[in-house]
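**Q** No sequence on hand, only this structure:
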Ligand SMILES: Cc1cc2nc3c(=O)[nH]c(=O)nc-3n(C[C@H](O)[C@H](O)[C@H](O)COP(=O)(O)O)c2cc1C
(Lines give C-alpha, C1' and ligand atoms only; values in the text may rest on other atoms or scores of the structure.)
Protein backbone atom coordinates (compact mmCIF):
# COMPACT_ATOMS: atom_id res chain seq x y z
CA UNK A 1 0.00 0.00 0.00
CA UNK A 2 1.18 3.49 -0.79
CA UNK A 3 1.06 6.10 1.94
CA UNK A 4 -0.65 9.24 0.70
CA UNK A 5 -1.04 12.34 2.84
CA UNK A 6 -3.63 14.99 1.97
CA UNK A 7 -2.81 18.49 3.20
CA UNK A 8 -5.98 20.57 3.15
CA UNK A 9 -5.46 24.28 3.54
CA UNK A 10 -8.62 26.30 4.10
CA UNK A 11 -9.59 27.44 7.57
CA UNK A 12 -12.41 29.87 6.66
CA UNK A 13 -15.67 29.43 8.56
CA UNK A 14 -18.13 27.97 6.06
CA UNK A 15 -15.37 26.74 3.74
CA UNK A 16 -16.70 24.83 0.75
CA UNK A 17 -13.39 23.42 -0.44
CA UNK A 18 -13.57 20.81 2.33
CA UNK A 19 -15.83 19.04 -0.17
CA UNK A 20 -12.96 18.74 -2.64
CA UNK A 21 -10.66 17.45 0.11
CA UNK A 22 -13.18 14.78 1.17
CA UNK A 23 -13.83 13.85 -2.46
CA UNK A 24 -10.19 13.19 -3.26
CA UNK A 25 -9.73 11.31 0.03
CA UNK A 26 -12.58 8.97 -0.99
CA UNK A 27 -11.31 8.60 -4.56
CA UNK A 28 -7.78 7.72 -3.41
CA UNK A 29 -9.09 5.15 -0.92
CA UNK A 30 -11.32 3.67 -3.64
CA UNK A 31 -8.24 2.76 -5.70
CA UNK A 32 -7.49 0.12 -3.04
CA UNK A 33 -3.81 1.02 -3.33
CA UNK A 34 -3.44 3.78 -0.74
CA UNK A 35 -3.56 4.35 2.98
CA UNK A 36 -4.66 7.96 3.25
CA UNK A 37 -3.74 10.37 6.03
CA UNK A 38 -5.82 13.57 6.10
CA UNK A 39 -4.31 16.73 7.55
CA UNK A 40 -6.87 19.49 8.04
CA UNK A 41 -4.85 22.60 8.84
CA UNK A 42 -7.82 24.05 10.72
CA UNK A 43 -7.34 21.39 13.42
CA UNK A 44 -3.85 22.60 14.30
CA UNK A 45 -4.05 26.36 14.72
CA UNK A 46 -0.47 26.91 13.59
CA UNK A 47 0.85 30.42 14.25
CA UNK A 48 2.39 32.42 11.44
CA UNK A 49 5.74 30.75 10.86
CA UNK A 50 8.71 32.42 12.55
CA UNK A 51 11.14 29.50 12.64
CA UNK A 52 11.20 26.50 10.35
CA UNK A 53 10.95 23.14 12.09
CA UNK A 54 14.59 22.33 11.37
CA UNK A 55 15.76 25.57 13.02
CA UNK A 56 13.44 25.54 16.02
CA UNK A 57 14.99 24.23 19.26
CA UNK A 58 11.53 23.91 20.85
CA UNK A 59 8.97 23.35 18.08
CA UNK A 60 5.26 23.18 18.79
CA UNK A 61 4.05 19.60 19.07
CA UNK A 62 1.52 20.31 16.28
CA UNK A 63 4.35 21.30 13.94
CA UNK A 64 6.26 18.11 14.79
CA UNK A 65 3.18 15.96 14.28
CA UNK A 66 2.37 17.40 10.86
CA UNK A 67 6.03 17.03 9.91
CA UNK A 68 5.91 13.32 10.75
CA UNK A 69 2.78 12.81 8.66
CA UNK A 70 4.45 14.54 5.72
CA UNK A 71 7.76 12.75 6.13
CA UNK A 72 6.06 9.34 6.22
CA UNK A 73 4.17 9.93 2.99
CA UNK A 74 5.10 8.37 -0.34
CA UNK A 75 3.02 11.10 -2.00
CA UNK A 76 1.29 14.31 -0.97
CA UNK A 77 -1.89 15.88 -2.33
CA UNK A 78 -2.44 19.55 -1.63
CA UNK A 79 -6.02 20.77 -1.57
CA UNK A 80 -6.72 24.50 -1.58
CA UNK A 81 -9.40 27.03 -2.43
CA UNK A 82 -8.48 29.88 -4.74
CA UNK A 83 -8.12 33.13 -2.80
CA UNK A 84 -7.19 36.28 -4.71
CA UNK A 85 -5.89 34.28 -7.66
CA UNK A 86 -3.64 32.11 -5.51
CA UNK A 87 -3.58 29.26 -2.96
CA UNK A 88 -4.64 29.99 0.61
CA UNK A 89 -2.31 31.77 3.00
CA UNK A 90 -2.93 29.05 5.59
CA UNK A 91 -1.59 26.41 3.22
CA UNK A 92 1.49 28.45 2.35
CA UNK A 93 2.15 29.14 6.03
CA UNK A 94 2.09 25.42 6.77
CA UNK A 95 4.31 24.59 3.82
CA UNK A 96 6.90 27.14 4.97
CA UNK A 97 7.52 25.27 8.24
CA UNK A 98 9.06 22.28 6.47
CA UNK A 99 12.07 21.52 4.29
CA UNK A 100 13.40 17.95 3.99
CA UNK A 101 9.88 16.60 4.52
CA UNK A 102 9.10 17.64 0.93
CA UNK A 103 12.22 16.47 -0.87
CA UNK A 104 11.69 14.19 -3.86
CA UNK A 105 8.05 13.57 -3.03
CA UNK A 106 5.44 13.18 -5.75
CA UNK A 107 2.83 15.90 -5.24
CA UNK A 108 -0.61 16.49 -6.67
CA UNK A 109 -2.72 19.64 -6.80
CA UNK A 110 -6.46 19.89 -6.16
CA UNK A 111 -8.07 23.33 -6.29
CA UNK A 112 -11.64 24.51 -5.95
CA UNK A 113 -13.60 27.71 -6.31
CA UNK A 114 -17.14 28.95 -6.24
CA UNK A 115 -16.76 30.22 -9.81
CA UNK A 116 -16.50 28.37 -13.09
CA UNK A 117 -12.71 28.27 -13.37
CA UNK A 118 -12.14 25.82 -10.52
CA UNK A 119 -9.12 27.59 -9.08
CA UNK A 120 -6.95 27.41 -12.20
CA UNK A 121 -4.79 30.36 -11.09
CA UNK A 122 -4.15 28.86 -7.67
CA UNK A 123 -3.31 25.51 -9.26
CA UNK A 124 -0.69 27.00 -11.57
CA UNK A 125 0.99 28.84 -8.71
CA UNK A 126 0.87 25.80 -6.48
CA UNK A 127 2.68 23.74 -9.11
CA UNK A 128 5.42 26.36 -9.12
CA UNK A 129 5.58 26.24 -5.33
CA UNK A 130 6.05 22.46 -5.51
CA UNK A 131 9.14 22.98 -7.65
CA UNK A 132 10.47 25.48 -5.10
CA UNK A 133 10.23 22.95 -2.27
CA UNK A 134 11.93 20.19 -4.29
CA UNK A 135 8.82 18.14 -4.88
CA UNK A 136 7.83 16.41 -8.10
CA UNK A 137 4.67 18.08 -9.40
CA UNK A 138 2.26 15.80 -11.23
CA UNK A 139 1.29 17.61 -14.44
CA UNK A 140 -2.40 16.65 -14.25
CA UNK A 141 -4.34 18.52 -11.61
CA UNK A 142 -7.90 18.40 -10.38
CA UNK A 143 -9.98 21.55 -10.61
CA UNK A 144 -13.38 21.76 -8.95
CA UNK A 145 -15.55 24.58 -10.32
CA UNK A 146 -18.77 25.68 -8.58
CA UNK A 147 -17.93 23.70 -5.46
CA UNK A 148 -21.51 23.65 -4.16
CA UNK A 149 -22.86 22.29 -7.46
CA UNK A 150 -20.03 19.84 -8.21
CA UNK A 151 -19.84 18.03 -4.84
CA UNK A 152 -22.22 17.50 -1.93
CA UNK A 153 -21.33 18.14 1.74
CA UNK A 154 -19.59 14.77 1.96
CA UNK A 155 -17.63 15.23 -1.22
CA UNK A 156 -19.84 12.98 -3.33
CA UNK A 157 -19.79 14.09 -6.99
CA UNK A 158 -23.03 15.65 -8.20
CA UNK A 159 -22.37 15.15 -11.90
CA UNK A 160 -20.72 12.67 -14.24
CA UNK A 161 -17.94 15.07 -15.28
CA UNK A 162 -16.78 15.52 -11.67
CA UNK A 163 -17.00 11.80 -10.93
CA UNK A 164 -14.84 10.97 -13.97
CA UNK A 165 -12.26 13.65 -13.20
CA UNK A 166 -11.92 12.50 -9.60
CA UNK A 167 -11.27 8.90 -10.62
CA UNK A 168 -8.86 9.97 -13.36
CA UNK A 169 -6.85 12.17 -10.99
CA UNK A 170 -6.74 9.52 -8.24
CA UNK A 171 -5.63 6.77 -10.66
CA UNK A 172 -2.96 8.97 -12.16
CA UNK A 173 -1.66 10.09 -8.77
CA UNK A 174 -1.34 6.47 -7.64
CA UNK A 175 0.55 5.63 -10.85
CA UNK A 176 2.85 8.65 -10.47
CA UNK A 177 3.55 7.97 -6.78
CA UNK A 178 4.13 4.27 -7.33
CA UNK A 179 6.60 4.93 -10.13
CA UNK A 180 8.68 7.26 -7.97
CA UNK A 181 8.39 5.07 -4.85
CA UNK A 182 9.61 2.03 -6.82
CA UNK A 183 12.54 3.94 -8.23
CA UNK A 184 13.49 5.17 -4.76
CA UNK A 185 13.40 1.60 -3.44
CA UNK A 186 15.53 0.38 -6.32
CA UNK A 187 18.16 3.05 -5.74
CA UNK A 188 17.79 3.55 -1.95
CA UNK A 189 17.08 7.24 -2.47
CA UNK A 190 14.81 9.04 -0.03
C1 LIG B 1 -10.37 35.92 0.49
C2 LIG B 1 -11.06 35.25 -0.66
C3 LIG B 1 -10.59 35.45 -1.93
C4 LIG B 1 -11.19 34.79 -3.01
N5 LIG B 1 -10.65 34.93 -4.26
C6 LIG B 1 -11.11 34.18 -5.27
C7 LIG B 1 -10.45 34.17 -6.53
O8 LIG B 1 -9.45 34.83 -6.74
N9 LIG B 1 -10.95 33.39 -7.53
C10 LIG B 1 -12.07 32.61 -7.32
O11 LIG B 1 -12.48 31.92 -8.25
N12 LIG B 1 -12.72 32.60 -6.14
C13 LIG B 1 -12.27 33.35 -5.11
N14 LIG B 1 -12.90 33.31 -3.88
C15 LIG B 1 -14.09 32.51 -3.71
C16 LIG B 1 -13.75 31.07 -3.35
O17 LIG B 1 -13.52 30.40 -4.56
C18 LIG B 1 -14.92 30.45 -2.59
O19 LIG B 1 -14.94 30.98 -1.28
C20 LIG B 1 -14.92 28.95 -2.60
O21 LIG B 1 -16.04 28.49 -1.87
C22 LIG B 1 -13.65 28.29 -2.07
O23 LIG B 1 -13.21 28.79 -0.84
P24 LIG B 1 -13.66 28.21 0.60
O25 LIG B 1 -13.15 26.82 0.74
O26 LIG B 1 -13.09 29.15 1.60
O27 LIG B 1 -15.18 28.21 0.61
C28 LIG B 1 -12.33 33.97 -2.80
C29 LIG B 1 -12.80 33.81 -1.49
C30 LIG B 1 -12.20 34.43 -0.44
C31 LIG B 1 -12.70 34.18 0.96
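**A** The structure has been received and is ready for your questions. If you're wondering where the values come from, they're calculated on a predicted model, not measured in any experiment. Numbering: from 1, shown residues only.
**Q** what's the neighbour count on residue 77?
**A** The number of residues packed around residue 77, counting by other CB atoms under 10 Å, is 28. C-beta here means a position set from N, CA and C on the backbone, and glycine is covered the same way.
**Q** Check the secondary structure at it for me.
**A** strand (DSSP: H, G, I helix; E, B strand; the rest coil).
**Q** burial measure for the spatially closest residue to it that is not a sequence neighbour, as a count.
**A** The spatial neighbour of residue 77 that comes closest, neighbours along the chain excluded (CB to CB, 6 or more residues apart in numbering), is residue 108 at 4.4 Å. Using other CB under 10 Å, residue 108 has 31 neighbouring residues.
**Q** Same check on residue 31?
**A** When neighbours are counted by other CB under 10 Å, residue 31 comes out with 16.
**Q** Roughly how far does it sit from residue 47?
**A** Distance from residue 31 to residue 47, counting by CB to CB, to the nearest Å: 36 Å.
**Q** Could you do residue 93 as well?
**A** 9 Å.
**Q** Next to the ligand, which bits of the protein? Give me the list.
**A** 10, 12, 15-17, 81-85, 112-115, 117, 147 (CB under 6 Å from any ligand atom).
**Q** The same query, at a cut-off of 8 Å, please.
**A** Within reach of the ligand by CB under 8 Å from any ligand atom, the chain has these residues: 10, 12, 14-18, 81-86, 88, 112-115, 117-119, 121-122, 147-148.
**Q** okay, residue 93 and residue 47: which has more neighbours?
**A** residue 93 (16 against 9).
**Q** in stretch 110-124, what counts as buried?
**A** If you call a residue buried by 16 or more other CB atoms under 10 Å, then stretch 110-124 has these buried ones: 110-113, 118-124.
**Q** same thing with stretch 73-87?
**A** In stretch 73-87, counting by 16+ other CB under 10 Å, buried: 73-83, 86-87.
**Q** partners of residue 136 in the sheet?
**A** Assessed by DSSP bridges, residue 136 has beta-bridge partners residue 106.
**Q** Could you measure from the residue most central in space within the chain over to residue 15?
**A** Note on the chain: the residue nearest the mean C-alpha position is residue 78, at 1.5 Å, using CA atoms, centre = their mean. Computed with CB to CB, the distance linking residue 78 and residue 15 is 15 Å.
**Q** hmm, back to that, could you check how far the residue nearest to the centre of the chain is from residue 56?
**A** For residue 78 relative to residue 56 (CB to CB), the value is 23 Å.
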